[in-house]
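Peer 1: below: sequence and its predicted model.
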Amino acid sequence: MRHRIYELLEHDHLPHSVGSRFAQAIVAIIALDVAAMILASVPEIDAPFGRLFTAIEIGAVLAFALEYLARLWSVAGHSMRAVTATRARFDYARSGLGIVDLMAFLPSAVALVIGDRHTLVLFGMLPFLKLVRYSPALRSLLEVLQAERRALFGCVVILAGAVLVFASLLYAIEHNVQPDKFGTIPQAMWWAIVTLGTVGYGDVVPATALGKMVSVVAIVVGFAMIALPVAIISRAFADEVRRRDFIVTWSMLARVPLFARLGAGEIADITRLLRAQTIEAGEVLVRRGDPASSMYFIATGEVQIELPSQCVRLSDGTFFGEIALLHRTKRSGTVTAKRRTKLLALDAQDFHALIERLPDLAAHVKQTAEARLADTADLLKGDIAAGEIALAERD
C-alpha cells in the first residue's frame, strides 16, 4: 500500500491514470482555494459569502494536510540512498517541495484557529506555490534558477554596486539643493533603485543640471541591469527545454526496434532530423491511399488506425510507419487523433540520407523490414507500413 501511494503521488502521472486524475484534483483545489481567498478580500463579496469561503479554505487545508501526511508516510523506503525510514521522511520534510507542501496548509490552519480573517486571506495565497510540483514548466524554471544562481547572484552584486555609486553621486550633487529627498545616501538609494529599475515614479527627481545628466546615465545603465538577468534566465530556460525534449525524443527512439542497436552518435543524428507535429482530436493525419513517406513517433496523445480488417489504437511512446521509410507505397489505413496528439515525424528522404552515411544502420533496417514482413502479427501493433507493403505485394 505504501509503495502504491508513493507511485501514485510521485510518478503515476500518465494521461488518464489514477495519479494524473489525483494531480488534476489537487490543481483544481488549489485554483478554487486561491480564487476564494481573493474574493474574500473584497468586503462586498465576503459579507454574503464569507462562510462559503471559510468552508472552502477548511476543505483545502484538510486536503493538503492529508496529502502531506501521505507523502511523509509513503516516502520511507524510496530514497535514492540507503537510509532509514525516519531519515527519508526527514529529508522530504526539509526539501524544497516538502516545505512548500507544509506551507500550503499549516499557516492557513493556524489562521483558522486564531480566527484572523486578514491573515487567513494572506496565507490562502500560499497553496499557489504547490503548482511547482504539478507544472513541468515551473519546475524547469526553478531548476534554471538553481543552476544559474551564481550568475544571478553576480547580477545582484553588480546592481547593488550601481545603486551605491549613483546614490552617492546624487547625494553629493543634490543634498544641499533637496535635503528632504537627497539629504542622506539611504534616501538617495530609493531614487537610484527606482531609476535603475526604469520604473520612474517621479516622486524623487534631481533639480540640478549635473544631477539630471547623472540620471540619464543611470537610466541607460538600468536597461543593461534588467537585460542581463533576463538574458541569463531566458537562455538557460531555452537550453533546459531543449534538453528535456532531447531526452524524451532519445528515450522514444531507443525503444524503437529499428534503432535498438544504434549507438549514441547515430541516435543523436536521428533526433536532429525529426520534426514536431501536433494534431487535434478528430483530425486525420493520413488517409488510406495517401503516399507513405514518413514514420511517426507519438510523444503524447492517442491515435486510431483504421485498417481494412480492424482498428488499432496507439498512445504515448509508440510508433508506426517505420517500414514506409524503405518502401514507398500507398497507405492501407487511415490515422485519426483520438485526442490532442504531439508527434515526431521522420521523413523518408532524411532517413535515406542518414543510412547512406551509416552502413550498419542500413543493414539492420533491411533485417528488421524482412522480419516484420514475415510476421503478420505486426498488423496488430499498428504498423501501417507493414500492412501497406503486405497488401501491395498481394496485389
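Peer 2: Ah, there it is.
Peer 1: quick one: low-confidence parts of the stretch 201-350 of the chain?
Peer 2: 248, 252-262, 264, 317, 322-329 (pLDDT under 70).
Peer 1: could you rerun that using 90?
Peer 2: Applying pLDDT under 90 to the stretch 201-350 of the chain flags the ranges 201-204, 223-231, 233-282, 284-302, 304-335, 339-350.
Peer 1: how about the helices of it, start to end?
Peer 2: 209-255, 264-273, 348-357 (DSSP state H, counting those that start in this stretch).
Peer 1: so can I have CSV of those showing distance to Leu145 and mean neighbour count?
Peer 2: Every residue, glycine included, has its C-beta placed from N, CA and C. Converted to CSV, the helices of the stretch 201-350 of the chain look like this (distance: least, CB to CB, whole Å; neighbours: other CB atoms under 10 Å):
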stretch, distance to Leu145, mean neighbour count
helix 209-255, 7, 15
helix 264-273, 27, 14
helix 348-357, 37, 15
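Peer 1: wait, which of the ones you listed is closest to Leu120?
Peer 2: helix 209-255 (33.7 Å; CB to CB).
Peer 1: turn the helices of the stretch 201-350 of the chain into JSON lines, columns for distance to Gly200.
Peer 2: Output for the helices of the stretch 201-350 of the chain, formatted as JSON lines (distance: least, CB to CB, whole Å):
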{"stretch": "helix 209-255", "distance to Gly200": "8"}
{"stretch": "helix 264-273", "distance to Gly200": "46"}
{"stretch": "helix 348-357", "distance to Gly200": "53"}
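Peer 1: domain boundaries for this structure, per the record?
Peer 2: 2-134, 149-242, 257-394 (automatic domain parsing).
Peer 1: which among those domains is found nearest to Leu142?
Peer 2: Nearest of those (CB to CB): domain 2-134, 6.2 Å.
Peer 1: one step back: adding distance to Leu142, write the domains of the chain out as TSV.
Peer 2: Below are those laid out as TSV (distance: least, CB to CB, whole Å):
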stretch	distance to Leu142
domain 2-134	6
domain 149-242	10
domain 257-394	22
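Peer 1: which one of those lies nearest to Thr249?
Peer 2: Closest among those, once you apply CB to CB, is domain 257-394, at 4.9 Å.
Peer 1: looking at the helices of the stretch 201-350 of the chain, which is nearest to Ile298?
Peer 2: helix 209-255 (8.3 Å).
Peer 1: secondary structure element holding Ser20?
Peer 2: helix 18-40 (DSSP states H and E).
Peer 1: for that helix, name the packing helices and strands.
Peer 2: With contacts taken as 3 or more CB pairs under 8 Å, 6 or more residues apart in numbering; DSSP states H and E, helix 18-40 sits against helix 2-10, helix 43-74, helix 117-123, helix 131-134.
Peer 1: out of those, nearest to Leu164?
Peer 2: Going by CB to CB, the one of those nearest Leu164 is helix 117-123, 33.1 Å.
Peer 1: contacts for the closest one?
Peer 2: 37, 40-41, 46, 54, 57, 107-108, 110-112 (CB atoms under 8 Å, 6 or more residues apart in numbering).
Peer 1: can you do 6 Å?
Peer 2: Identification of contacts with helix 117-123 by CB atoms under 6 Å, 6 or more residues apart in numbering yields 37, 40-41, 107-108, 111.
Peer 1: C-alpha coordinates for that helix, CSV please?
Peer 2: Below are the C-alpha coordinates for helix 117-123, written out as CSV (Å, rounded to 0.1, in the frame of the first residue of the first chain):
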residue,chain,number,x,y,z
ARG,A,117,-9.7,36.9,8.6
HIS,A,118,-7.0,39.1,7.1
THR,A,119,-4.2,36.6,8.0
LEU,A,120,-6.3,33.8,6.6
VAL,A,121,-6.7,35.6,3.2
LEU,A,122,-2.9,36.3,3.1
PHE,A,123,-1.9,32.7,3.9
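Peer 1: go through that helix and flag the buried ones.
Peer 2: 120-121, 123 (16 or more other CB atoms under 10 Å).
Peer 1: stretch 66-74 too?
Peer 2: 67-68, 71-72, 74.
Peer 1: need those in a markdown table (columns: pLDDT and distance to Ala162).
Peer 2: Below are the buried residues of stretch 66-74 laid out as a markdown table (pLDDT from 0 to 100; distance: CB to CB, whole Å):
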| residue | pLDDT | distance to Ala162 |
| --- | --- | --- |
| Glu67 | 92 | 44 |
| Tyr68 | 93 | 43 |
| Arg71 | 90 | 44 |
| Leu72 | 89 | 45 |
| Ser74 | 87 | 49 |
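Peer 1: from the residues you listed, which is closest to Val214?
Peer 2: Among the buried residues of stretch 66-74, and counting by CB to CB, the member closest to Val214 is Tyr68, at 52.6 Å.
Peer 1: picking up where we left off before, widest-spaced pair of the contacts of helix 117-123?
Peer 2: Of all the pairs that the contacts of helix 117-123 form, the one spanning the most space (CB to CB) is Ser41 and Pro107, at 16.2 Å.
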